[in-house]
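**Q** output the structure for:
(one chain, ligands or ions: 1)
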Amino acid sequence: MPKTDKSALREVLESIRDGTPPAEGISEAAAAAGPAATAEPAAVAALSEGQASVRQAIAEGNLAAELAKPDVKAKAIRWVKGMGSPGAEEVADLLAMFRADVIADADLLEAVLKHTAITREEAEATASFKKLPAFKRKQILDKYRMSPEAAAKLVEDEDKAKGERFLSSEYRIVNPLLAALEELGVDPAVHQSPDYDYRPIEARLIQVWKRIAIARGSSPVTVETWDGDNLKETYGVVRSMARVWDKYEVPDIPGGAVTRGDTGAFMYAAYPFLDPKTQGYPDGELAFSKTITWPGVMSTTVGDPKDHNFIQAKSFIWKLQARAPHKGRIIGSINPAEQEVTFPVGSKVIIEKLIVRVHDKTLHAAEFGSVADVIALARLE
Ligand SMILES: NC(=O)c1ccc[n+]([C@@H]2O[C@H](COP(=O)([O-])OP(=O)(O)OC[C@H]3O[C@@H](n4cnc5c(N)ncnc54)[C@H](O)[C@@H]3O)[C@@H](O)[C@H]2O)c1
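**A** Numbering: from 1, shown residues only. Okay, here's the model as predicted:
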């Protein structure tokens, strides 16, 4: 599969963090093994025109004068821009151009930084680099010679951005995946660990994931196409959010109370003891003592439950007490009107009371409206 710009960038960042050169780069020492000027004439003929001109100029000691010629420079740029994974000799050519300090072209300098091991400081010190506009210098250096701190920040920002994706639409695919892991008996403490490997159960996981997503309203036509790549991507969203959960903003939760709306039928299928009809619970308040582990990422609101359709339209409402220090976070800002506080995978819901209103919807209607059959009061940990 071709690498996206982002994955290529991530690879470069990871290589910087690890202290290794990017996969497609090559060390200066390796480059030194292949002196360009000694290439045989037949081999030179087989080279691209740009590379051949550069080699010839290096051999004749007039690189600066040759590269000053627009046609030679254009050919050299074409060659360098087309460079995929340069071999040792090509890297030696790039370094020779750099060392001669004749490259005042952004594309050529970018290639030098991309494919060789010269340092940021070395690049900044060259006269030709200084000739580039400041924004361009920064752009190239940030891309190929980022400080470890800047690289870590970029990765963190990328991870944090997954929260926004989750809130906007990917809750539809992420939460069914987390529910599928639960159904297959994988505890959140296990699948949230950085070492977790789902591959031994991949085929079954995909099957169950698809079934749950369709049951929760995703289009079967879309879901049908999900495969191992989709799974990898979606699990990546889960991992990203887990990595940076504590870096998201901590919200103020007035009185420690948040509310959430759910579809009763789904709740009862997952937790039959909550179903007032099959359990024969009469209308009224019922003391309760049960703890469940929420398999997904849990959206709640600090807003008034009566102001939000995602609660008013639902047959099951949770009123949850989340006392500080809680794990609720603001993971995105896409829908500020929702006043959302999101809780991480595997939150413990300690149910203390059920307000059953199968027949009499006036019970606590001033606080919760008059649609839901059940309001569950619980603590969230
Ligand atoms: N639900 C809320 O009260 C709430 C609060 C704030 C914001 N939002 C926003 O609304 C959108 C939808 O959120 P959502 O909460 O419906 O997404 P969700 O993924 O949690 O729920 C989707 C559907 O799956 C069901 N479901 C979820 N967890 C389940 C479980 N453990 N067992 C069985 N069924 C389960 C839900 O009842 C719902 O019908 C998101 O953009 C979210 O940010 C929702």
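
**Q** so the residue nearest to W209 when sequence neighbours are not counted, which state does it fall into?
**A** Closest residue to W209 apart from its sequence neighbours, by C-beta to C-beta, 6 or more residues apart in numbering: A180 at 4.2 Å. C-beta here means a position set from N, CA and C on the backbone, and glycine is covered the same way. Secondary structure, DSSP: H, G, I helix; E, B strand; the rest coil: A180 is helix.

**Q** same check on F288?
**A** F288 ends up strand, using three-state DSSP.

**Q** which bits of the protein sit near the ligand?
**A** By C-beta under 6 Å from any ligand atom, the residues of the chain that approach the ligand are 167, 171, 175, 179, 216, 260-263, 266-267, 270, 294-296, 299-301, 310-311, 338, 340.

**Q** list the contacts for the residue nearest to W209?
**A** L205, V208, W209, R211, I212 (C-beta atoms under 8 Å, 6 or more residues apart in numbering).

**Q** need the strands for the stretch 51-200 of the chain, in chain order.
**A** For the stretch 51-200 of the chain, applying DSSP state E, counting those that start in this stretch gives no strands.

**Q** show me what residue of it gets nearest to the ligand.
**A** Going by C-beta to the nearest ligand atom, the ligand is nearest to N175 of the stretch 51-200 of the chain, at 3.5 Å.

**Q** ok, now how distant is the residue nearest to that residue when sequence neighbours are not counted from F266?
**A** Distance criterion C-beta to C-beta, 6+ apart; nearest residue to N175, sequence neighbours excluded, is G296 at 3.7 Å. Relative to F266, G296 is positioned 11 Å away (C-beta to C-beta, to the nearest Å).

**Q** can you map out the helices along the stretch 101-250 of the chain?
**A** Assigned by DSSP state H, counting those that start in this stretch, the stretch 101-250 of the chain shows helices spanning 106-115, 120-125, 127-130, 134-144, 148-165, 171-183, 188-191, 202-215, 220-224, 228-244.

**Q** er, the stretch 251-381 of the chain I mean
**A** 264-270, 276-279, 309-312, 365-368.

**Q** may I see the buried residues of the third one?
**A** The reference is to helix 309-312. The neighbour-count check on helix 309-312 (16 or more other C-beta atoms under 10 Å) flags F310, I311, Q312 as buried.

**Q** other SSEs contacting it?
**A** strand 257-262, strand 298-301 (3 or more C-beta pairs under 8 Å, 6 or more residues apart in numbering; DSSP states H and E).

**Q** go again using 7 Å as the cut-off
**A** In terms of contacts (3 or more C-beta pairs under 7 Å, 6 or more residues apart in numbering; DSSP states H and E), helix 309-312 is packed against strand 257-262.

**Q** list buried residues within the residues of the chain next to the ligand.
**A** The neighbour count (16+ other C-beta under 10 Å) marks 167, 171, 175, 179, 260-262, 267, 294-296, 299-301, 310-311, 338, 340 as buried among the residues of the chain next to the ligand.

**Q** average pLDDT for stretch 156-175?
**A** Averaging pLDDT along stretch 156-175 yields 96.

**Q** now stretch 188-208
**A** pLDDT averaged over stretch 188-208 gives 96.

**Q** off-centre distance for it?
**A** 18 Å (C-alpha atoms, centre = their mean, to the nearest Å).

**Q** quick check: end-to-end length of it?
**A** Taking C-alpha to C-alpha, to the nearest Å, the first and last residues of stretch 188-208 lie 16 Å apart.

**Q** which of the residues in that stretch are buried?
**A** Quick answer for stretch 188-208 (16+ other C-beta under 10 Å): P188, H191, Q192, Y198, L205, I206, V208.

**Q** if we can go back for a sec, and the helices of the stretch 251-381 of the chain as a markdown table, adding mean pLDDT?
**A** Output for the helices of the stretch 251-381 of the chain, formatted as a markdown table (pLDDT from 0 to 100):
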| stretch | mean pLDDT |
| --- | --- |
| helix 264-270 | 97 |
| helix 276-279 | 98 |
| helix 309-312 | 96 |
| helix 365-368 | 97 |
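
**Q** which stretches of this structure have low pLDDT?
**A** 1-46 (pLDDT under 70).

**Q** could you chop it up by domain?
**A** 5-146, 156-247, 254-380 (automatic domain parsing).

**Q** the last one: end-to-end distance?
**A** For domain 254-380, the separation between the terminal residues is 15 Å (C-alpha to C-alpha).

**Q** now do the second one
**A** Here the two ends of domain 156-247 are set 9 Å apart, with distance taken as C-alpha to C-alpha.

**Q** got it, and stretch 254-271?
**A** Termini of stretch 254-271 sit 29 Å apart (C-alpha to C-alpha).

**Q** how about stretch 314-327 as PDB, C-alpha atoms only?
**A** Extracted C-alpha coordinates of stretch 314-327, given in PDB (Å, rounded to 0.1, in the frame of the first residue of the first chain):
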ATOM      1  CA  LYS A 314     -33.900   8.200  24.500                       C
ATOM      2  CA  SER A 315     -35.800   5.500  26.500                       C
ATOM      3  CA  PHE A 316     -33.000   5.100  29.100                       C
ATOM      4  CA  ILE A 317     -31.300   7.900  31.000                       C
ATOM      5  CA  TRP A 318     -28.300   7.800  33.200                       C
ATOM      6  CA  LYS A 319     -27.700  10.400  35.900                       C
ATOM      7  CA  LEU A 320     -24.100   9.900  36.900                       C
ATOM      8  CA  GLN A 321     -22.100  11.300  39.800                       C
ATOM      9  CA  ALA A 322     -18.400  11.800  38.800                       C
ATOM     10  CA  ARG A 323     -16.500  13.100  41.800                       C
ATOM     11  CA  ALA A 324     -13.100  14.700  41.400                       C
ATOM     12  CA  PRO A 325     -10.600  13.500  40.600                       C
ATOM     13  CA  HIS A 326     -12.600  11.900  37.800                       C
ATOM     14  CA  LYS A 327     -11.400  10.800  34.300                       C
END
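
**Q** quick check: closest non-adjacent residue to K361.
**A** Closest to K361 by C-beta to C-beta, 6+ apart is S370, at 4.0 Å.
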